[in-house]
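Participant: Kindly generate the corresponding structure for this input.
(one chain, ligands or ions: 1)
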Amino acid sequence: MDKSSRPHIYLDYSATTPIAPPVVEAMQPFFSETFGNAASAHEYGRNAAAALDEAHTVVGCAIGARGSEIVFTGCGTESDNLALRGAALAARRSGRGNHIISSPVEHHAVEATVEQLHELYGFDVTMLPVDGCGRVDPDDVKRAIRPDTTLVSVMLGNNEIGSIEPVGAIGRICRERNIIFHCDAVQAPAYMPVDVDVLNVDLLALSSHKFYGPKGSGVLYIRDGTPYIPALTGGGHERGRRPGTVNVASAVGTAAAIKYVSAQRDEQAARLRGLRDRLFEGVLANVPNARISGHSTDRMPHHASFVFKDIDGETLLMALDVEGIAVSTGSACTSGNPEPSPVLLAMGVPREWALGGLRITLGYHTTSEDIDAVIDALPRCVQQVRAAAAELPGS
Ligand SMILES: Cc1ncc(COP(=O)(O)O)c(C=O)c1O
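Facilitator: As a prediction, this is how the structure comes out:
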């Protein structure tokens, strides 16, 4: 392809989104005239604190919570870490128990934290089974609960395979048994409603850069009364739940971003679902040995993911990049030794398919022409990559 005519098509919105212009505008004054430390007592501090207060309220309102239940953090990963460590340790300190339940399809931010709670802090962990679409059965949660279970963590929309977990039902089970329920909802807010009471969650993590807000900015919802020990220690910022001078510009940006997505979520979700379904049809009709990974309908509307048999997902990603199309793969490739995605393996996807995972995530700027371009390029790229692999010695 002639380099000058190479398109620039971004289809990796689950990795990150561009900041929306109203968000940049809302943040701007907090880099200059309103620069005060929100913890300072003087006028500069009070102005910053007033903006921060308002940001708490706006974010709380958007997810059905009170402003006082919102904590601004440094990213989604931090929110997950604070939530899980904070709740597990607090519940143990009060003698409630030592057992955590989670799923094998969680993001590393949850998976590695639960693993550390087990390895370093001696918590017992039960991993739930998932079905072929990566979904947890609430009945399996019921079966896994023990008298000493204190914490359950299951995500809302899966970053890799798009499936939506039955979070509301799992939350109800936890509530009936007085077990703390944490949900990583990082992928959701731009594409589906997030309401802490509908979801029955006690702790919930969000990340602003996934919904057209700034990077390095997260939200942790902590329901009033939830046992919690702050994993960070220091001053009394964020009501002592996340010490450290608050990044007011980021908090204001997060509030502006959640307003921005709330205003157009339903309309965008319907539009993106239509484009995404056309992408599914186009790819499945034109690429041999291709399957959808995750649920085909009960999934986030912007999210398409596939597995291709006998192909390396990373090589396919690079072939698409040459065509000017930016997507991602679920499998982590370490120095030329590709390992299949643990999420796909947990779903029972055979290794020869699991190595060929590809994620195409649409966003508010995605057009019908972008989808046409993928439907045109992907069959060609798959064929190239398979042909190149067939020529390798030993293949
Ligand atoms: C489901 C999920 N949880 C947590 C994170 C981490 O968010 P952050 O990049 O803000 O640390 C991500 C990021 O990809 C994610 O997809």
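Participant: Run through the bridge partners of residue 219.
Facilitator: Beta-bridge partners for residue 219, by DSSP bridges, are residue 72, residue 206.
Participant: is the ligand contacted by stretch 197-209?
Facilitator: Yes: judged by Cβ under 6 Å from any ligand atom, stretch 197-209 and the ligand are in contact via residue 207. (Glycine included, C-beta is placed from N, CA and C.)
Participant: same check, this time on stretch 291-302
Facilitator: No: for stretch 291-302 and the ligand, the contact criterion (Cβ under 6 Å from any ligand atom) is not met; the two come no nearer than 10.8 Å.
Participant: Next, work out how far apart residue 385 and residue 10 are.
Facilitator: To residue 10, residue 385 is 21 Å away according to Cβ to Cβ, to the nearest Å.
Participant: Between the two, which is the more surrounded one?
Facilitator: Ranked by neighbour count (other Cβ atoms under 10 Å), residue 385 and residue 10 place residue 385 first, with 23 against 19.
Participant: show me what contacts that one?
Facilitator: By Cβ atoms under 8 Å, 6 or more residues apart in numbering, the contact list for residue 385 reads 311, 312, 315, 316, 319.
Participant: Now do the contacts for the residue nearest to the first one when sequence neighbours are not counted.
Facilitator: In space, not counting the residues next to it along the chain, residue 311 is nearest to residue 356; the distance is 3.9 Å by Cβ to Cβ, 6 or more residues apart in numbering. Residue 356 sits next to 307, 308, 309, 310, 311, 312, 313, 316 when contact means Cβ under 8 Å, 6+ apart.
Participant: And residue 74, by the same measure?
Facilitator: Contacts of residue 74 (Cβ under 8 Å, 6+ apart): 216, 217, 218, 247.
Participant: Reformat the contacts of residue 356 as TSV; add distance to residue 132, pLDDT and neighbour count.
Facilitator: Below are the contacts of residue 356 laid out as TSV (distance: Cβ to Cβ, whole Å; pLDDT from 0 to 100; neighbours: other Cβ atoms under 10 Å):
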residue	distance to residue 132	pLDDT	neighbour count
307	12	97	28
308	17	97	26
309	16	96	16
310	20	93	15
311	20	94	25
312	23	93	21
313	19	94	27
316	22	97	23
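Participant: now these as CSV including secondary structure?
Facilitator: Below are those laid out as CSV (DSSP: H, G, I helix; E, B strand; the rest coil):
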residue, secondary structure
307, strand
308, strand
309, coil
310, coil
311, coil
312, coil
313, helix
316, helix
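Participant: for the residues you listed, which one is nearest the ligand?
Facilitator: residue 313 (16.8 Å; Cβ to the nearest ligand atom).
Participant: wouldn't the closest one be in contact with residue 353 here?
Facilitator: No: counting by Cβ atoms under 8 Å, residue 313 does not reach residue 353; the two are 10.3 Å apart.
Participant: list residues touching both of the two?
Facilitator: Common neighbours of residue 313 and residue 353 (Cβ under 8 Å, 6+ apart) do not exist.
Participant: How about the contacts made by the residue of the stretch 201-350 of the chain found nearest the ligand?
Facilitator: Closest to the ligand within the stretch 201-350 of the chain is residue 207: 3.3 Å, counting by Cβ to the nearest ligand atom. Shown in contact with residue 207 (Cβ under 8 Å, 6+ apart): 75, 76, 77, 79, 186, 217, 218, 219.
Participant: show me what contacts whichever residue of the stretch 51-200 of the chain sits closest to the ligand?
Facilitator: With Cβ to the nearest ligand atom as the measure, residue 76 is the residue of the stretch 51-200 of the chain nearest to the ligand, at 2.7 Å. By Cβ under 8 Å, 6+ apart, the contact list for residue 76 reads 107, 109, 184, 186, 205, 206, 207, 210, 218.
Participant: The stretch 251-395 of the chain: strands as residue ranges?
Facilitator: 290-292, 303-308, 325-326, 333-334, 337-338, 357-361 (DSSP state E, counting those that start in this stretch).
Participant: if you average pLDDT over each of those strands, which comes out lowest?
Facilitator: Out of these, strand 333-334 stands lowest, with a mean of 54 (criterion: mean pLDDT).
Participant: Against residue 253, how distant is residue 19?
Facilitator: 7 Å.
Participant: Of the two, give the one with the bigger neighbour count.
Facilitator: Applying other Cβ under 10 Å to residue 19 and residue 253 shows that residue 253 carries more neighbours, namely 29 against 19.
Participant: per-residue confidence for that one?
Facilitator: Per-residue pLDDT puts residue 253 at 98.
Participant: Repeat that for residue 395.
Facilitator: On the pLDDT scale, residue 395 gets 63.
Participant: cool, and residue 215?
Facilitator: 98.
Participant: burial count for it?
Facilitator: Applying other Cβ under 10 Å, we find 15 residues neighbouring residue 215.
Participant: again, but for residue 132
Facilitator: Neighbour number of residue 132 under other Cβ under 10 Å is 11.
Participant: In this structure it contacts residue 348, no?
Facilitator: Yes: assessed by Cβ under 8 Å, residue 132 is found in contact with residue 348 at 5.6 Å.
Participant: Could you list the residues of the stretch 51-200 of the chain in contact with the ligand?
Facilitator: 75, 76, 77, 80, 107, 109, 155, 159, 184, 186, 187.
Participant: Kindly recompute the last result at 8 Å.
Facilitator: Contact residues (Cβ under 8 Å from any ligand atom) of the stretch 51-200 of the chain with the ligand: 75-80, 106-110, 155, 157-159, 184, 186-187.
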